[in-house]
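Undergrad: could you work out the structure for the sequence below:
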Amino acid sequence: MTLSTVFAITLLLFQNTAAIATFQGEFRSADKKYVMVAIDEGETMRMFITGSTKFIRDGKRARPADFHSGDRVTVDAQRDLRMNMLAVRIESKTTK
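TA: You can find the predicted model right below:
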């Protein structure tokens, strides 16, 4: 086993890919690859959408097309091995 292989395995073992952050903000847009959310801290974040990203609206499974620009959302995110931000769960609750 080469030194670079040992380093790569060690790096993988210490990577924590659990949900690392939750963001509050406004939904801006989504396509097949990315979701854009304007977070409350004044920045717009672009996160990758994966096959396991869950879209939830009013407690029920939804599709990205069910979300509209300006909707208040909560986004749970994690990082992949390349340190890209991945959207794990995007939830919107309609206030009445």
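Undergrad: hey, where'd the strands end up in this protein?
TA: Under the criterion DSSP state E, the chain contains strands at 21-30, 34-39, 44-57, 60-61, 72-79, 85-92.
Undergrad: keeping just the C-alphas, turn the fifth one into CSV.
TA: Looking back up the chat, that one is strand 72-79. Extracted C-alpha coordinates of strand 72-79, given in CSV (Å, rounded to 0.1, in the frame of the first residue of the first chain):
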residue,chain,number,x,y,z
ARG,A,72,-39.5,30.7,3.7
VAL,A,73,-37.5,27.5,3.9
THR,A,74,-35.3,25.6,6.4
VAL,A,75,-32.5,23.7,4.7
ASP,A,76,-30.4,20.9,6.3
ALA,A,77,-27.1,20.5,4.5
GLN,A,78,-24.0,18.5,4.7
ARG,A,79,-20.7,18.4,2.9
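Undergrad: in that strand, what counts as buried?
TA: Within strand 72-79, the residues that qualify as buried are 73, 75, 76, 77, 78, 79, counting by 16 or more other Cβ atoms under 10 Å. Any C-beta I mention is one placed from the backbone N, CA and C, and that applies to glycine too.
Undergrad: ok, now the longest one?
TA: Across strand 44-57, burial judged by 16+ other Cβ under 10 Å covers 45, 47, 49, 53, 55, 56, 57.
Undergrad: from what I can see residue 93 touches residue 58, true?
TA: Yes. Using Cβ atoms under 8 Å, residue 93 is in contact with residue 58, at 6.1 Å.
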